[in-house]
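Chemist: Structure for the following, please:
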Amino acid sequence: MKHNQTSSVKEKRKWQIALRRYVIEEKANRFYAPYFGLDVKTLKIWIEKQFVEDMKWSSYSRNWQISQYIPVQYFDFNKEADLKLCWNFMNLKVEVPGKQDINGFNPSALARYFESVYSITQLSMASSLAQKAREIESEQITLTAQAEKFLQDHSAELLVKESFGAYELELLNSGRSLQEIQKEIEILQKFSS
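Modeler: So this is what the prediction gives:
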């Protein structure tokens, strides 16, 4: 498993370097160009259209960087179709290094974004990126059968524990039963009224 992660990190880094050379250094590369989906000049314009505030080409890596709308970890670099989606210009965004995206990774919002890009352009890659976002969204929302059964079997207990604070949870963690704690709560409530 560790070998696969190391290999994946190396592969990602290789593509990031190729993208930087292609866009920043304007070194056209016959192998990588089809994955980026645009010639160097047009890709630079696409990136530039995303600049905000004091971003400029000379401040690359200090004030801004290029990343993906759908993050790299959701793509299988062993699949040609995934490589083309991951590194396509439509999936590339400009961001400030270290600045947390206030929206986070939101597959549903990204699907809508790529669907709107598709409605404007009719580019099949936009439709494929929207589909990829929908697939990720459906994978993220699944509840295992065992987890669902646990929730069903313990729903009454979970409802009681939902209102517990640190003290009650400490009692549970020290071995007290739920019934004992409930009784203690009832007694305390009688005396406090």
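Chemist: Roughly how far does the spatially closest residue to residue 19 that is not a sequence neighbour sit from residue 169?
Modeler: Leaving aside its sequence neighbours, residue 19 sits nearest to residue 66 (Cβ to Cβ, 6 or more residues apart in numbering; 6.3 Å). Using the backbone N, CA and C atoms, a C-beta is placed for each residue, glycine as well. Counting by Cβ to Cβ, to the nearest Å, the gap from residue 66 to residue 169 is 45 Å.
Chemist: Which of those two has more residues huddled nearby?
Modeler: residue 66 (18 against 12; other Cβ atoms under 10 Å).
Chemist: Pretty sure the more buried one sits in a strand.
Modeler: Yes - under DSSP: H, G, I helix; E, B strand; the rest coil, residue 66 sits within a strand.
Chemist: Across the sheet, point out what pairs with it.
Modeler: Residue 66 forms beta bridges with residue 94, as assigned by DSSP bridges.
Chemist: tell me, which helix in the chain spans the most residues?
Modeler: For the chain, the helix with the greatest residue count under DSSP state H is helix 2-23.
Chemist: pLDDT below threshold where in this structure?
Modeler: Low-confidence regions of the chain, defined by pLDDT under 70, span residues 1-7, 99-104, 140-143, 193.
Chemist: Leaving out sequence neighbours, find the closest residue to residue 64.
Modeler: That would be residue 55: by Cβ to Cβ, 6+ apart, it lies 4.7 Å from residue 64.
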